[in-house]
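Enquirer: Predicted model and sequence follow; I will ask about them next.
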Amino acid sequence: MNGLTPKQPTALEVWREKLAFLEVEKALASTPEQKFEITKRLKECRLDIERLEAEARAEQGGGPLEVSVRWRPQLRTIREIEFCLVPAGPFLMGTPAEYVSELSKAESGKFENEVPQHRAEVNAYLIGRYPVTNRQYKEFVDAVGHRLPFRDDDWSRSSNWVEETRSCRPGREEHPVTLVSWYDAQAYCRWFGARLPTEAEWEKSARGEDRRQWPWGNVWQNERGNAGPNGVLDTTPVSRYGERGQSPYGVRDLAGNIWEWTSSLADPYPYDAEDSRESPDGLGRRIHRGGAWFISPFFARCAARGSADPNDFGFNLGFRLVLPAETP
């Protein structure tokens, strides 16, 4: 897979992605009339896919359609945290402009920051298989006396840590830590000897090189991630969805549950790691990725971009770690 140059999507790939968006749109439709209209569009879409698949099979001599080679996850455990290797190489980052109009029908035009889709290149790196948990964050808090994750509002009540025990509430040790600002996440990274992922690293970790919409494929499935009105309606342990929700590189819990801070400023695309967006001293909002448990699965797509003031420490904000690929 390394060294491949991403190609522009084929007509078949375009229609498969459109089908994925329509499936989610139908699941979120609120009236029978909306569902009926989307069902008609789904039927038309499937017919076009069948036609294009038949043409593709004919071009290949009538055999089965080619599929991409599956990457075998390569894991490493460092200081009791699992990391996955993501290989160097290019991928297509963002969302084609024609898909944004489809997404906007469901979510009122909130995805313009994903265009243009463009080629991005990353070096090899290790990324945390899971977001940092309350248990792991407590080691840091106890070691350096850092402030506790706490916010005095109703949304944060279940996630707030307890002052008397300087810990999370019982039973939430393996939930992702939340109520952490970008600066809190950076402090943990310095203590651990790691860093936050860039948003390009985060996206490649989630979607691989085949432009999938969610870490497992192009159709949202509630049994693979925690997002939307049909989800759990709270954070879940980071390992709850396991292999069902993992990305091509073995990274897990990327779709829903919490938004995850990245190192990147919320600058427009195309992404360029050499401009000022990766400056730790830059001013402005920072990108977070992954969606969260209480919002639409559209925001849990691999390409979806959120952002927040780096001082914000919301009930839905957490993070995961990145290390150099050569870390022993």
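Expert: The structure has been received and is ready for your questions. Residues are numbered from 1 along each chain as shown.
Enquirer: alpha carbons only for contacts and neighbour counts from here, please
Expert: Will do.
Enquirer: Just give me the residue right at the centre of the chain.
Expert: In the chain, the residue lying closest to the centroid (C-alpha atoms, centre = their mean) is residue 290, at 3.3 Å.
Enquirer: State the distance from that residue to residue 260.
Expert: 6 Å (C-alpha to C-alpha, to the nearest Å).
Enquirer: Just the pLDDT at the residue nearest to the centre of the chain, thanks.
Expert: We note a pLDDT of 97 for residue 290 in this prediction.
Enquirer: I'd guessed it sits against residue 304; true?
Expert: Yes. In this structure residue 290 lies within contact range of residue 304 using C-alpha atoms under 8 Å: 7.2 Å.
Enquirer: in the stretch 51-200 of the chain, which spans are helices?
Expert: If DSSP state H, counting those that start in this stretch is used as the criterion, the helices of the stretch 51-200 of the chain fall at 97-107, 134-144, 182-192, 199-207.
Enquirer: Return the residues in contact with residue 319.
Expert: Contact partners of residue 319, counting by C-alpha atoms under 8 Å, 6 or more residues apart in numbering, are 131-132, 177, 185, 196, 259-262.
Enquirer: at 7 Å what do you get?
Expert: Taking C-alpha atoms under 7 Å, 6 or more residues apart in numbering as the criterion, residue 319 is in contact with 131-132, 185, 260-261.
Enquirer: just residue 119 next, same as before
Expert: Counting by C-alpha under 7 Å, 6+ apart, residue 119 makes contact with 90-93.
Enquirer: Can I have the buried ones of those residues as a ChimeraX selection?
Expert: If you want just the buried ones from the contacts of residue 119 in ChimeraX, going by 16 or more other C-alpha atoms under 10 Å, the selection is:
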select :90,91,92,93
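Enquirer: Most widely separated two among the contacts of residue 119?
Expert: Across the contacts of residue 119, the two members that end up farthest from each other (C-alpha to C-alpha) are 90 and 93, 9.1 Å apart.
Enquirer: sorry, back to before: so the residue nearest to the centre of the chain touches residue 298, yeah?
Expert: No. Under the criterion of C-alpha atoms under 7 Å, residue 290 is not in contact with residue 298, lying 10.0 Å apart.
Enquirer: anything in contact with each of residue 90 and residue 93?
Expert: Overlap between the contact sets of residue 90 and residue 93, as judged by C-alpha under 7 Å, 6+ apart, is given by 119-120.
Enquirer: how long is stretch 243-258 from one end to the other?
Expert: Terminal-residue distance, stretch 243-258 (C-alpha to C-alpha): 18 Å.
Enquirer: So which bits of it are buried?
Expert: When neighbours are counted by 16+ other C-alpha under 10 Å, the buried residues of stretch 243-258 are found to be 245-258.
Enquirer: what about that stretch, average pLDDT?
Expert: Confidence for stretch 243-258, expressed as mean pLDDT, is 97.
Enquirer: Measure how buried residue 287 is and give me the count.
Expert: The tally of other residues near residue 287 (other C-alpha atoms under 10 Å) stands at 23.
Enquirer: Three-state assignment for it, please.
Expert: strand (DSSP: H, G, I helix; E, B strand; the rest coil).
Enquirer: buried stuff in stretch 80-93?
Expert: Within stretch 80-93, the residues that qualify as buried by neighbour count (16+ other C-alpha under 10 Å) are 83-93.
Enquirer: before we move on, what about stretch 145-165?
Expert: By neighbour count with 16+ other C-alpha under 10 Å, stretch 145-165 contains the buried residues 148-151, 156, 159-161.
Enquirer: So residue 268, which state does it fall into?
Expert: Reducing the assignment to helix, strand or coil with three-state DSSP, the entry for residue 268 is coil.
Enquirer: Strands of the stretch 101-250 of the chain, start to end?
Expert: Remark: strands assigned in the stretch 101-250 of the chain by DSSP state E, counting those that start in this stretch are 118-122, 125-128.
Enquirer: where does the stretch 101-250 of the chain dip in pLDDT?
Expert: For the stretch 101-250 of the chain, the stretches with pLDDT under 70 are 106, 108-109.
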